[in-house]
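Asks: How does the following fold in three dimensions:
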Amino acid sequence: MALRGDIRDIAIVAHVDHGKTTLVDAMLWQSGSFRANQDVADRVMDSMDLEREKGITILAKNTAVRRDGIKINIVDTPGHADFGGEVERALTMVDGVLLLVDASEGPLPQTRFVLRKALESRLPVILVVNKVDRPDARIEDVVNEVYELFLDLDADESQIEFPIVYANARAGRAGLDPDDLADDLAPLFDVLVERIPAPSYEEGHPLQAHVTNLDASPYLGRLALCRIREGTIRKGQQVAWCRADGEIVRVKVTELYVTEALDRVEAEEAGPGELIAVAGIPEVTIGETLADPDDPRPLPVIGVDEPSLAMTIGVNTSPLAGQDGTRLTASMVLARLEQELVGNVSLRVLPTERPDAWEVQGRGELQLAVLVELMRREGFELTVGKPQVVTREMAGKIHEPVERLAIDAPEDYVGVITQLLALRKGRLEHMVNHGTGWVRMEYLVPARGLIGFRTEFLTETRGTGILHHVFHAYEPWHGELRMRPTGSLVADRRGPATGFALLNLQERGQLFIAPGTEVYEGMVVGENARAEDLDVNATKEKKLTNMRSSTADELVRLIPPRLLSLEQSLEFLGDDECVEVTPTNVRLRKAELSGQKRATATSRKARGLAKV
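Replies: As a prediction, this is how the structure comes out:
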């Protein structure tokens, strides 16, 4: 096999917030990709507004830096397992992996997830221990934990003998000793060029380019992002498009681009090992192959893990529909969901009994919440149902997904965390006290039990606890779980909420609305302190007489309402509730708005007449 010594293709994988995107920033600056006076944003690879707001990477993106005549193609991948479909695709584009681990937190569940995928792909790994300047860094322990993780994932001898580089990505420094960092990232670049293999190819082999991602240009239409496995591709060339259904079609490459720093640059031709963007194939999708028209040899279609969570997305059916958004019809919602399917291989969209609602399946709550958030920013009004787990039937029994949960919390809260997870059928696998006052606990919990768990967990740990979870396996159904212990305060009529009514209601529980908010029958206005739902009048006005004290209303003191974000609303939902999402509002409501019909259904269910 011949080698392309002038190219290296690597992916940077890590747990969320361990510094991948910051490290890419430093590599771009030190390779001379920007002018000295150029105005460049921090975390330049996080180009979506939502990525900047949340501080996480959602889409895998690639860039390229040049070092001593060698072009290093870098793929920045998401660290969150909900966006694992992006990671799986990115690993098919590269020949090696930089595994980034925080010098204090060590390997976490998402680290396990991305590393397992890299080891399955037989990719060599370079360990980068980042944030070695942290005052609570425990570098030696973290390196040992990574070795344990490799052994746990059944890595072979060649994979376990990985090089270790220590870094402070924010300062742009790296070294082979944590106490002796160079002033730049030169040691990291040297190890990378030496240990990541150059792309190999076969002389005279016909063209094979694997479509691993998609992008769109307002001028050129759909762009297929490919890794060239064999052969050479030229601009204007006729190629064989090997479709997923087995059909082979001749198409013309109208434009060909390669990546330089953050820009796509036009190229006349590209050879094996290059990451390219191709225009001219409007219907191309992920996993297909561009091949030689005289000798087409399709590559295997990329496979990704199946979805484990689903929720219903439909048109807005509330009395306040149509006031905020511009995209309201079922055909618009369906077209947008189908558009999302094109570039997101880990999503599924299935029909439901209703013609204006669809079941959307994904990897986790965050992935589905990000999709809904993107749609509301585009002007959609939606009704979103409670997330449900996707079950499977194996050997005649129903199986459900189980998540591996890692918790870091002060040791004072161990008792309350154990109690919370016992109610959710969690099994404690591992518990370590590092002697710093903090405890690391690892649980296996049914995915159902984690829906709505984060809010309760943060409340009980006073906001100090950190939790992360990742899909583990399917296990037999665990039976009934006790989920939310509280009920809802439900408005019983339409109108603006008044301070007088809310003053009386705040004794019943926590309110979600402020005075002046427009409410309607069936809208959830707060959380009841008791387990059952309570219908309330949030629009009641104070009856005035002609005898009034000038200071009578000045003493009204309302507790500030708890304003829920979209993710918090999805976590809070009860079984018979949904979220109304518009460009400017997120409202909780009952699926059945009429209080009378809800009472009738409850009565029939209690008497065993209704279908459960």
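Asks: Show residues contacting the one helix or strand residue 335 maps to.
Replies: Secondary structure assignment for residue 335, by DSSP states H and E: helix 330-343. Residues from elsewhere that reach helix 330-343, judged by CB atoms under 8 Å, 6 or more residues apart in numbering: 213-214, 285-286, 313-315, 327, 347-349, 355-356, 358, 360, 371, 375, 378, 380, 382. Quick note: C-beta positions are derived from backbone N, CA and C, even for glycine.
Asks: Equivalent analysis for stretch 176-195, please.
Replies: Identification of contacts with stretch 176-195 by CB under 8 Å, 6+ apart yields 8, 10, 26-27, 30, 67-68, 70, 72, 96, 98, 103, 124, 126, 128-129, 132, 137, 139, 163-168, 172-175.
Asks: From these, which land in strands?
Replies: For these, membership in strands holds for 8, 10, 67, 70, 72, 96, 98, 126, 128-129, 164-168, 173-175, with DSSP state E as the criterion.
Asks: Quick check: which ranges of the stretch 201-350 of the chain have low pLDDT?
Replies: Counting by pLDDT under 70, the stretch 201-350 of the chain shows low-confidence ranges at 216, 218, 262, 303-305, 343, 345.
Asks: So residue 505 sits against residue 513, correct?
Replies: No: between residue 505 and residue 513 there is no contact under CB atoms under 8 Å: 9.6 Å.
Asks: Tell me the residues that contact both of these two, please.
Replies: With contacts taken as CB under 8 Å, 6+ apart, residue 505 and residue 513 have 525-526, 538 as neighbours in common.
Asks: Buried among the residues you listed? Make that a ChimeraX selection.
Replies: Only the buried entries of the shared contacts of residue 505 and residue 513 go into this ChimeraX selection, using 16 or more other CB atoms under 10 Å:
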select :525,526,538
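Asks: From the shared contacts of residue 505 and residue 513, which land in strands?
Replies: Taking DSSP E as the definition of strands, the shared contacts of residue 505 and residue 513 contribute 525-526.
Asks: could I get the shared contacts of residue 505 and residue 513 as JSON lines with distance to residue 454 and pLDDT?
Replies: Written out in JSON lines, the entries for those read as follows (distance: CB to CB, whole Å; pLDDT from 0 to 100):
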{"residue": "525", "distance to residue 454": "22", "pLDDT": "92"}
{"residue": "526", "distance to residue 454": "20", "pLDDT": "92"}
{"residue": "538", "distance to residue 454": "27", "pLDDT": "90"}
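Asks: Can you identify the element that follows whatever helix or strand residue 368 lives in toward the C-terminus?
Replies: Here residue 368, judged by DSSP H and E, is contained in helix 365-377. Remark: after helix 365-377, the chain's next helix or strand is strand 382-385, criterion DSSP H and E.
Asks: partner strands of that following strand, parallel or antiparallel?
Replies: strand 309-315 (antiparallel), strand 577-581 (antiparallel) (DSSP bridges).
Asks: Can you name the residues in contact with the next helix or strand after the last one?
Replies: Right, the one you point to is strand 577-581. Toward the C-terminal end, the helix or strand that comes next after strand 577-581 (DSSP H and E) is strand 586-590. When contacts are taken as CB under 8 Å, 6+ apart, the neighbours of strand 586-590 outside the stretch itself are 318, 320, 488, 490, 512, 520, 522-524, 564-566, 569, 572-573, 576-580, 598.
Asks: Which of those fall in helices?
Replies: Taking DSSP state H as the definition of helices, those contribute 566, 569, 572, 598.
Asks: just the buried members of the residues you listed?
Replies: Neighbour counting by 16+ other CB under 10 Å classes 566, 569, 572, 598 among the ones in helices among the contacts of strand 586-590 as buried.
Asks: lowest confidence element among the helices and strands of the chain?
Replies: When the helices and strands of the chain are scored by mean pLDDT, DSSP states H and E, helix 49-54 comes last with a mean of 50.
Asks: tell me what the longest strand anywhere in the chain is packed against?
Replies: Using DSSP E, we find that the single longest strand of the chain is strand 397-410. Applying 3 or more CB pairs under 8 Å, 6 or more residues apart in numbering; DSSP states H and E, one finds that strand 397-410 makes contact with helix 109-120, strand 392-394, helix 414-423, strand 438-446, helix 447-450, strand 466-476.
Asks: and the direction of it versus that of strand 309-315, what angle?
Replies: 100 degrees (axes from the mean of the first three to the mean of the last three CA atoms, to 10 degrees).
Asks: Compute the inter-axis angle for strand 397-410 and helix 109-120.
Replies: 120 degrees.
Asks: wait, isn't residue 105 in contact with residue 408?
Replies: Yes: if you go by CB under 8 Å, residue 105 and residue 408 touch, sitting 7.3 Å apart.
Asks: Looking at the two, which has the bigger crowd around it?
Replies: When neighbours are counted by other CB atoms under 10 Å, residue 105 comes out ahead of the other of residue 105 and residue 408, with 23 against 19.
Asks: Ramachandran coordinates for the more buried one?
Replies: Note on residue 105: backbone dihedrals following degrees, to the nearest 10 are phi -80, psi -30.
Asks: Now the two most distant members of the buried ones among the ones in helices among the contacts of strand 586-590.
Replies: Distances among those were taken as CB to CB; the most separated pair is 566 and 598, at 24.5 Å.
Asks: residues near residue 344, how many?
Replies: For residue 344, the count of nearby residues is 20 (other CB under 10 Å).
Asks: What of residue 90?
Replies: Look at residue 90: counted by other CB under 10 Å, it has 24 neighbours.
Asks: Could you pull up the contacting residues of it?
Replies: Residue 90 makes contact with 11, 60, 75, 77, 212-213, according to CB under 8 Å, 6+ apart.
Asks: In which helix or strand does it reside?
Replies: helix 84-91.
Asks: And the average pLDDT for that helix is what?
Replies: For helix 84-91, the mean per-residue pLDDT is 66.
Asks: Residue 573 against residue 452, yeah?
Replies: Yes: look at residue 573 against residue 452 with CB under 8 Å: they come within range, at 7.5 Å.
Asks: More neighbours: which of the two?
Replies: Set side by side, residue 573 and residue 452 give different neighbour counts by other CB under 10 Å, the larger being at residue 573 (24 against 21).
Asks: List phi and psi for residue 145.
Replies: Taking degrees, to the nearest 10, you get phi -60, psi -40 for the backbone angles of residue 145.
Asks: Identify the residue spatially nearest to it, adjacent ones excluded.
Replies: Using CB to CB, 6 or more residues apart in numbering and skipping residues adjacent in sequence, the residue nearest residue 145 is residue 106, 4.7 Å away.
Asks: and the one you found, what does it touch?
Replies: Contact criterion CB under 8 Å, 6+ apart gives 138, 141-142, 145-146 as the residues in contact with residue 106.
Asks: can you put these in JSON lines and add neighbour count, distance to residue 417 and pLDDT?
Replies: Formatted as JSON lines, the entries for the contacts of residue 106 read as follows, by neighbours: other CB atoms under 10 Å; distance: CB to CB, whole Å; pLDDT from 0 to 100:
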{"residue": "138", "neighbour count": "17", "distance to residue 417": "22", "pLDDT": "86"}
{"residue": "141", "neighbour count": "14", "distance to residue 417": "22", "pLDDT": "89"}
{"residue": "142", "neighbour count": "19", "distance to residue 417": "23", "pLDDT": "89"}
{"residue": "145", "neighbour count": "18", "distance to residue 417": "21", "pLDDT": "88"}
{"residue": "146", "neighbour count": "22", "distance to residue 417": "26", "pLDDT": "89"}
